[in-house]
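Q: Let's see this in three dimensions:
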Amino acid sequence: QEQLVESGGGLVQAGGSLRLSCAASGRTFSSFYMGWFRQAPGKEREFVAAITSFGGTYYADSVKGRFTISRDNAKNAMYLRMNSLKPEDTAVYYCAGRVNGGSYAYITPNEYAYWGRGTQVTVSS
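A: Alright, predicted model coming up:
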């Protein structure tokens, strides 16, 4: 059973940067397909970025060029580097994982079996 814990959220001014981390506790992290989602108040959870077990990446159009997803299998960790943050990036950010991902772009929440509890990111204008 994979357990995921996010960290690194906080309050930042528009134009600033943050780096989110997702720590995984299972033994099979290197084989997991991982993703970041976010949910703003009153909105549905939305896809942000995903990374395959071999490092292929996918991004939502809204964050492309500003956010970078990465993983370190030796540390059982995934990261989201967020630059040029905007007030509309304000949300709770969730780490998610699934097995058997391959190279497909999984962008809906119900395609992921494992979830963290989230970390708040607030961008002030």
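Q: Any regions of this structure where pLDDT drops low?
A: For the chain, applying pLDDT under 70 flags no range at all.
Q: Strands of that one, start to end?
A: Assigned by DSSP state E, the chain shows strands spanning 4-7, 10-13, 18-24, 33-39, 46-51, 57-59, 67-72, 77-82, 91-98, 114-115, 119-124.
Q: Output these in TSV; the columns should cover mean neighbour count and distance to residue 108.
A: Every residue, glycine included, has its C-beta placed from N, CA and C. Below are the strands of the chain laid out as TSV (neighbours: other C-beta atoms under 10 Å; distance: least, C-beta to C-beta, whole Å):
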stretch	mean neighbour count	distance to residue 108
strand 4-7	18	18
strand 10-13	13	27
strand 18-24	20	19
strand 33-39	24	9
strand 46-51	22	7
strand 57-59	17	12
strand 67-72	18	17
strand 77-82	22	18
strand 91-98	22	10
strand 114-115	18	13
strand 119-124	17	21
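Q: which stretch among the ones you listed comes nearest residue 107?
A: strand 46-51 (4.0 Å; C-beta to C-beta).
Q: partners of the closest one, with directions?
A: Its sheet considered, strand 46-51 pairs with strand 33-39 (antiparallel), strand 57-59 (antiparallel) by DSSP bridges.
Q: Adding distance to residue 114, write those strands out as CSV.
A: Putting the strands paired with strand 46-51 into CSV (distance: least, C-beta to C-beta, whole Å) gives the following:
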stretch, distance to residue 114
strand 33-39, 9
strand 57-59, 18
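Q: Of all those, which one is nearest residue 85?
A: Per C-beta to C-beta, nearest to residue 85 of the strands paired with strand 46-51: strand 33-39, 12.0 Å.
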